[in-house]
Structures are given as structure tokens and as C-alpha cells.
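Colleague: sequence-free structure coming up:
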């Protein structure tokens, strides 16, 4: 996911993310999009803080951000990539369909900044296959391949 030196990064904040995704606190797991190439790849950030409710039980004396939430953060980042290119994105939702080849390499703890990089492997209209990797301080902490499907949003959720 290398940018060319002459290209400025494309980024957007959490308000733009909320315009794309239906998720809200406490399950919105992308704080910012750092850069993307439409239809190809995206890089987003999740700041992991001790104030997150999950740490009340996972684990009180040894807080570790759950791997399943790292995967969800990668999926939400990929959802931003797929949805941001659609002219009718406010009439669509993106659903997580399948997951393969998940690996967790290192624990993620409060204070870490999780950087998610997601690439499109295939996109066949309504169904996309993506590959995500998550990093902390440049070290890979997780990876997964996942599929998503676009569906029409219920009229009550369309914007």
C-alpha cells in the first residue's frame, strides 16, 4: 500500500466514518481513515484506551483488547473502503459474511494505536473479498481474510 510521493493522502475523520457505517459507540472501532485508494486499499486507526468498557472484564488485572474486536475493526475499515465509492452509499449497508485465515500474533493493550490496512482481493458487485492486517508500532498483530456483502438498507436506516 505504497503511496506515490506526489499524491497527498486521502483521509477522513470519525464523523465521515459515521456517515458511511451504521456503527456507533461502543462498537464503532475505527477512529480515523489515514489514507485510501478507491477500490483498492485503505488504512485506518483505532486508538485503544483503558476507558473502553471491554476492559472491565477482559481482563481486569491484565487488559487485552479482544482479537475478535481487532477483526471487527479491520472489517469496519474495509466497509469504509467499499462504501465510500458508491454513489448510493446512504441506501446500503455492508454485512460481514465470512472470515478465513485469521492469525493473532501479539496482544493489543490500552495505549496502543491499532493501524488497520485492508486490501480488496476481489469485488463482484455486492460481494467483496478483502484481506486485512493490523499493526501496532509497525509490528503485525493480526491478519485475516474476510468477505462482505452489500444489502439495501431498511428505509428507517437510509439517510
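Modeller: Perfect, I can see it now. Keep in mind it's a predicted model, so treat the numbers as computed, not measured.

Colleague: strands of the chain, residue ranges please.
Modeller: Assigned by DSSP state E, the chain shows strands spanning 32-37, 41-47, 92-104, 113-124, 127-136, 139-152.

Colleague: looking at these, which is closest to residue 65?
Modeller: Closest approach to residue 65 among the strands of the chain (CB to CB): strand 113-124, 7.6 Å. No exception for glycine: its C-beta is placed from N, CA and C like everyone else's.

Colleague: any idea how far the closest one is from the middle of the chain?
Modeller: How far strand 113-124 lies from its chain's middle: 8 Å, per CA atoms, centre = their mean, to the nearest Å.

Colleague: for it, buried residues please.
Modeller: Neighbour counts using 16 or more other CB atoms under 10 Å place 114-120, 123 of strand 113-124 among the buried residues.

Colleague: next one: stretch 135-146
Modeller: Counting neighbours by 16+ other CB under 10 Å, one finds that the buried residues in stretch 135-146 are 135-136, 141-146.

Colleague: pLDDT below threshold where in this protein?
Modeller: Low-confidence segments of the chain, defined by pLDDT under 70, span residues 1-5, 157-159.

Colleague: can you rerun that using 80?
Modeller: For the chain, the stretches with pLDDT under 80 are 1-6, 156-159.
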